[in-house]
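Student: For reference, the sequence and a predicted model appear below.
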Amino acid sequence: MADREKNDLFEQEETKTELANRIAEQSRKVANTYAHFEDGLIRVIRWFSGAIDKLIFNRRFSKLTALVLAIIIYFVVNFNSLTSVYTSKLKYSRTMKDVAVTAKYNSDTFELSGLPSTVDVEISGDASNVTNAITSGGVITADLEGMTEGVHEVRLKGEGFGSNVDIISDPTNVIVTLKKKTTQQFDLSYDFINQAGLESIYSVGTPEFEYSKVNVRASRDTLDSIAFVKALIDVGGQVADFEQDARMIAYDSGGKPVNADIVPDTVHVKVPVTSPSKTVPINIQVSGEVAEGKAIDSITTDQQTVTIYGPENVLNEIDNVVVTLNAATINKDSTILRPVTLPAGVNSSNINQITMSIKLEDVVEKKITDVPINVINNVNHYKASQPDNITTVTVTVIGTQNNVDQVAPDTINVYIDMIDAKPGLMEFQLQVDQPNNGLIKYVIEDTSYELNVLGETTDETDDQGKADENNN
């Protein structure tokens, strides 16, 4: 056991010795490597220092050296400024269309022309500032304060967009003209507006103005272009007499508004509102013919009269209201609805349509002889004679038996029109007035009629007569 322990201690000592030798050897290698690196570094520094000395003190490269040093010094001195350039926010721009243009000038003394009402504006700056400027409601202004009458070039400037953006308008400069204003008096007329809002049963009368003449202030050229001044009276929704302050506008001869100062710009007006009406009969007018040997025997309606509304002067000229019927659309006994046709100038009526009950019967023909031939429009009062002494004509009446039997010769008007008559033998066309109701039809077989027109004239009071008596 003692020998074994001695051997183990001996082996441990040998191991320690061997490890120490290795460490010492490694240290020598590191020291040698460091010494070689130090020598190499010193040689590189000496070489670089020598090269710098040669470069700096060489005349050939002295200017290049100075330039390099200057660039280095510039970047060192301006480092912060350059850094701020590359670190600042990006710039961007947007264009606003149709930005309002206002002018600063003495509008009481001068009339301004040539200034555009809107311009396009380019806004540049930081994105957030540009967005704020667009929503700020800024305007473009032209400062004309202190300028006198004449033509001026003015620079447009932006206001209300904020101080952190750049504003450029298109155009930037404009040519404007200032003219001195003068005053002229005009007669006042009127127009009714919003008439669609006035119920059709009402009519407005002639308005009564507080004054009949107005003063208009503008340049002489503008005043000369004014044809009339109108008060615009709003009648929408009115149902009785009313009063209002009507706005006034000047117009040129073409009906276009003229920009001028009307002093004052409104006038007090009183307007009467009425509801004139008239009850008139309904007149049925039939056109066309019923097919297949039939004819209309009778037409009965649920309404025989209609009440119409409108201005009194229009109503006074109306005796009836027409409802039309195309007989070609009827082929059997029918009940139909037809609209009421209002005459021109009538605003409305108490009914818009009527119901017709139509009865058909077989069509028949009846000849009525000895219908006298009349003369109309003998404006020159000529005497005339008929060569063959023909003074009457036969008329064929077509309709149902009931309607044909009611026709008498004296209810048929056959005539010739002498409006273009000249002395000599002339040929005229026989014409016949058709019944208004359209239930029967008159036909003349031979419509040619000769008449010898004499140069002599008749008594002016005898304008309508018969051809066989040779006078009108």
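Tutor: Yes, it's here.
Student: For the rest of this, base every contact and every neighbour count on C-alpha atoms.
Tutor: OK.
Student: okay, and the helix or strand of the chain with the least pLDDT?
Tutor: helix 79-87 (a mean of 51; mean pLDDT, DSSP states H and E).
Student: What are the buried residues along whatever helix or strand comes next after that helix?
Tutor: Downstream of helix 79-87, the first helix or strand assigned by DSSP states H and E is strand 91-104. By neighbour count, with 16 or more other Cα atoms under 10 Å as the criterion, the buried positions of strand 91-104 are Val99, Val101, Thr102, Ala103.
Student: List the buried residues for the helix or strand following strand 91-104?
Tutor: Per DSSP H and E, the first helix or strand lying C-terminal to strand 91-104 is strand 110-113. The neighbour-count check on strand 110-113 (16+ other Cα under 10 Å) flags Phe110, Glu111, Leu112 as buried.
Student: what does strand 110-113 contact?
Tutor: Applying Cα atoms under 8 Å, 6 or more residues apart in numbering, the external contacts of strand 110-113 come out as Glu149, Val176, Thr177, Leu178, Lys179, Lys180, Lys181, Ala218, Ser219.
Student: Where does Asn402 fall, secondary structure wise?
Tutor: Using DSSP H and E, Asn402 falls within helix 401-404.
Student: send the alpha carbons of that helix over as CSV?
Tutor: Extracted C-alpha coordinates of helix 401-404, given in CSV (Å, rounded to 0.1, in the frame of the first residue of the first chain):
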residue,chain,number,x,y,z
GLN,A,401,-131.1,57.7,-88.6
ASN,A,402,-132.0,59.7,-85.5
ASN,A,403,-129.3,62.4,-86.1
VAL,A,404,-129.8,62.7,-89.9
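Student: Off-centre distance for that helix?
Tutor: For helix 401-404, the separation from the chain centroid amounts to 58 Å (computed by Cα atoms, centre = their mean, to the nearest Å).
Student: Same list, the buried residues of strand 91-104, but as JSON lines with distance to Ile368 please.
Tutor: Output for those, formatted as JSON lines (distance: Cα to Cα, whole Å):
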{"residue": "Val99", "distance to Ile368": "84"}
{"residue": "Val101", "distance to Ile368": "84"}
{"residue": "Thr102", "distance to Ile368": "85"}
{"residue": "Ala103", "distance to Ile368": "87"}
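Student: ok, the spatially closest residue to Met96 that is not a sequence neighbour to Val267 distance?
Tutor: Closest residue to Met96 apart from its sequence neighbours, by Cα to Cα, 6 or more residues apart in numbering: Val121 at 5.1 Å. Per Cα to Cα, to the nearest Å, Val121 is found 40 Å from Val267.
Student: cool, and Gln386?
Tutor: For Gln386 relative to Val267 (Cα to Cα), the value is 70 Å.
Student: who's more crowded, these two?
Tutor: Val267 (20 against 17; other Cα atoms under 10 Å).
Student: can you pull the contacts of that one?
Tutor: Val267 touches Phe209, Glu210, Tyr211, Ala231, Asp245, Ala246, Arg247, Met248, counting by Cα under 8 Å, 6+ apart.
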